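Q: structure for the following, please:
(3 chains)
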Amino acid sequence: MSGLSDFCFDTETNSLDPLNTQLVSIAFSWEKGSGTMLWLPPEKDRAIKLLAHLRPVLENEKIRKTGQNLKFDIQVLAGYGISVRGPLFDTMLAHYLLEPDMRHNMDLLSSQYLGYEPVHIEELIGERGPRQKTMREVEKERVREYAVEDTDVTWQLMKLFEPMLIKHDLHTLAAGIEMPLIRVLAAMERDGVLLDESVLKKYAVTLREGIIRLEQEIYTFAGHEFNISSPKQLGDILFVRLRLDDNARLTKTKQYRTDEEVLQRLSGRHPIVEKVLEYRGLKKLLSTYVEALPQLVNPVTGRIHTTYNQAVASTGRLSSTNPNLQNIPVRDSEGREIRKAFIPEQGKIFLSADYSQIELRLMAHLSGDSAMISDFLSGQDIHAATASKIFGVPVADVTREMRARAKTANFGIIYGISAFGLSERLTIGRKEAKELIDGYFSSYPGVKAYMDESIRRARELGYVTTMFGRRRYLPDIHSRNQVVRGNAERNAINAPLQGSAADIIKIAMVSIASRLEREMPGAKMILQVHDELIFEVDEGRVKKLEALVREEMKGAAELSVPLEVDTGTGYNWLEAH
DNA sequence: CCCAGCACGC
DNA sequence: GACGTACGTGCTGGGT
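A: Modelled structure (predicted):
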C-alpha cells in the first residue's frame, strides 16, 4: 500500500457503540472491484500490535481516507490507539450535501447509484433481536466477502460523488467544512461530558412528590382517576365531562386538542387546567431528563457521550441523540435545574460561547437592508431598534410590550411567518398583525425584497443556497396546493439563514479544534447546540481559551454586520450559559 | 412496531 | 373557507 495517495477503509465491529466495541476486522479498497481485509484477534493487546503495522498509513497526513460514516471508524480506531489523520472523504456526507432530504445509508446508495445490491448485514449476523450474532461469531471468509464488498462499493461511490460535488459547487463546503468536521465531532463524542447524578437523584424525589400531589388534585377536580398522560382521556375529561369549551378544536384524528396553547387559553375557566399544565411539565422533566440521563452514563468512562448526526437536518444543522443534548431545558426555572447536573471534571471549568442573533444578522447581511445593517452596526438592542421603527417612537420610549412584539416579529420573519401566524402568536387581530408586518417591511424594505427574491430563486433554480453553497431543493415550490407551496416558500426564506448559521459554526468548530490541538491541548470542546459551543478547560486557562474561541467564532465569516459572541464560565452548564 | 400527540431545544 | 413559523429528538399512549 505504500505510494498510495487515496484509499477506502471500513471496520467491522461487535457493536454499534464505537466507545465500547471490539474490532473484528478492517478492510481496504483502492481499486474498483477489489480489496483486502485484516482479521483481528479478540485480545485487544494482540489486535493493537497487528494494527500498528497500519499506523504509518492510517496516520499519514498525506493520504486521504474514504469511508461511509467515517466518524464511527475513527472512534473505533481511537479506542485501539490509532489516530486517523489526513484528508477524509465520507460518502454518506457527500450524498447528504448532494441530496440533503434523502437517506444516505450505503445499501440504498449502492442500489441507487451503482445498480448493485450489496450483501445485507442481516445475512451474516441474523435479524435484530435476542438471537442476533456478533460479527466475531461469523466465519472469517464470510466477513471478508462482506467487508471487502462494502469498501469496494464505498470506493466506487466516492469516484461517483466527488465529481458530482464539484459540478454542484459543493466541493469547497465538503472538503473545507463537512469532512474536517468529522474528526472534530468524533473527538467531542469520545470526550463526552460528566453528569452529577446526585443532583438528578435529589431532583427526582422533588418531582415525584409534585407529580403525586398534582395527580390527586386533578382526580378530585375530575371526579375520578384517569390517565392524565393520555391526551385522549384528558380531552374527554376537559371537554365532555367538564365541558370547558363546546367549540373545542380537534386534532386530525378527531381527538380533542389538549396541547399547551389550548390549555393556556382555558386556564381561567377551571382550576384543573393549571394543574394539568403543571403535571405535564413535571412529567416531561422526570421521564425525558431526570430518569433518562443517568441511564446513558457510560460505565467505563463515567461520562455521557451523545452522538452527533451530521447528515439528518435538511438545513445543514447537526442533531444530537442518545441522549439529545441539544434540547436540555433552559427556559423555566424548573427545567434549568437539569443543567446543574452537567459539570466539568475536578479542577476544570466550563466555558460557554454562543453567537448572538446570528440568524437575524445573516438576514441583515444576505438582504443587504441598510436599516437593519445600521441597527446592528450601532450596537443597540436589535429588538428595541425594530420596535422603535415599526411603532414609530424613539428607542428610549420603546415599552417592554413593544419590544416583545418586535422580538416575535423578528423571529417570525426568519421563519417566513404569515399575518395569520403572527396574530395567533401575539394573540392580536389579523388586521393588527397585518399592520405590524406592513410596518416591519416598510422599516426594512430590503428584507421584504430579499424574501421575495429567495422565493423567486427557488422557483427558478429549484433550490436555495447558503453563504457557503449548501443547497436545499424545494420541489414543492411549484405545488398547486397552497399549504404545501407555502411550506416550501417558508423554507426558501429560512433555509439560507438557518443553513448559513450552521455553516458558520461548523467553520468555527474546525478552526477552534485545530488551534486547540496546537495551542491548548488540555482544553476540550465538548458540546454544540446550534449556535453555542461548550468547552471544558483547566480553571487557570479559561481566559486564554475564551480569547481564542471568541476570535475564531467571530472570524468564521465576514459579514456586513459584526458577528457577536457572548461567553460565560461556571462550574455547571447553567452557570456557564 | 408504528403512529399520534405532546413538549423540550434553537 | 381554510389557512397557522424553520429545524430537530424523545416520551407516553394506544392501536396493530
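Q: so what's residue A:225 up against?
A: Residue A:225 sits next to residue A:219 when contact means Cβ atoms under 8 Å, 6 or more residues apart in numbering. All C-beta atoms are positioned from the backbone trio N, CA, C, and that covers glycine.
Q: next, work out how far apart it and DNA strand B are.
A: Using Cβ to the nearest atom of the strand, to the nearest Å, one gets 19 Å for the distance from residue A:225 to DNA strand B.
Q: same thing with residue A:18?
A: When Cβ to the nearest atom of the strand is applied, the distance between residue A:18 and DNA strand B equals 23 Å.
Q: most distant residue from the centre of chain A?
A: Distance from the C-alpha centroid of chain A, by Cα atoms, centre = their mean, peaks at residue A:223 (43.7 Å).
Q: residue A:89 is in contact with residue A:162, correct?
A: Yes. Counting by Cβ atoms under 8 Å, residue A:162 sits close enough to residue A:89 to count as a contact (7.0 Å).
Q: going along the chain from the least confident helix or strand in chain A by mean pLDDT, find the next helix or strand for me.
A: Sorting the helices and strands of chain A by mean pLDDT, DSSP states H and E puts helix A:419-426 at the bottom, at a mean of 80. From helix A:419-426 onward toward the C-terminus, using DSSP states H and E, the following helix or strand is helix A:430-443.
Q: count of residues packed around residue A:385?
A: Counted with other Cβ atoms under 10 Å, the neighbours of residue A:385 add up to 23.
Q: residues in contact with residue A:42?
A: When contacts are counted by Cβ under 8 Å, 6+ apart, residue A:42 touches A:22, A:136.
Q: redo that, cut-off 10 Å
A: Each residue near residue A:42 by Cβ atoms under 10 Å, 6 or more residues apart in numbering is listed here: A:14, A:22-24, A:136.
Q: does it sit in a helix, a strand or a coil?
A: Of the three states, residue A:42 takes coil under DSSP: H, G, I helix; E, B strand; the rest coil.
Q: show the pLDDT at it.
A: Looking at residue A:42, its pLDDT reads 97.
Q: swap in residue A:434?
A: In this prediction, residue A:434 carries a pLDDT score of 87.
Q: near DNA strand B, which residues of chain A show up?
A: Where chain A comes near DNA strand B, counting by Cβ under 7 Å from any atom of the strand, the residues are A:128-129, A:231, A:235, A:251-253, A:255-260, A:263, A:277, A:280-281, A:284, A:288, A:326-332, A:335, A:529-532.
Q: which of these fall in strands?
A: Assigned to strands by DSSP state E, the following of the residues of chain A next to DNA strand B qualify: residue A:532.
Q: in chain A, which residue sits closest to DNA strand B?
A: When Cβ to the nearest atom of the strand is the measure, chain A has its nearest residue to DNA strand B at residue A:251, with 2.9 Å between them.
Q: mind listing what that residue touches?
A: Under the criterion of Cβ under 10 Å, 6+ apart, the contact partners of residue A:251 comprise A:231-232, A:235, A:257-259.
Q: look up how far DNA strand C lies from it.
A: If you go by Cβ to the nearest atom of the strand, the gap between residue A:251 and DNA strand C works out to 10 Å.
Q: repeat for residue A:140
A: From residue A:140 to DNA strand C the distance is 35 Å (Cβ to the nearest atom of the strand).
Q: with residue A:331 instead?
A: Taken as Cβ to the nearest atom of the strand, the span from residue A:331 to DNA strand C is 13 Å.
Q: equivalent analysis for residue A:27, please.
A: Plainly put, residue A:27 is 28 Å away from DNA strand C if you go by Cβ to the nearest atom of the strand.
Q: any idea which element that residue lies in?
A: Secondary structure from DSSP H and E places residue A:27 in strand A:23-31.
Q: packing partners for that strand?
A: With contacts taken as 3 or more Cβ pairs under 10 Å, 6 or more residues apart in numbering; DSSP states H and E, strand A:23-31 sits against strand A:6-13, strand A:34-39, helix A:44-51, strand A:64-67, helix A:70-78, helix A:140-167.
Q: let's go with 8 Å and repeat that
A: Contacts of strand A:23-31 with other secondary structure elements, assessed using 3 or more Cβ pairs under 8 Å, 6 or more residues apart in numbering; DSSP states H and E, are made with strand A:6-13, strand A:34-39, helix A:44-51, helix A:140-167.
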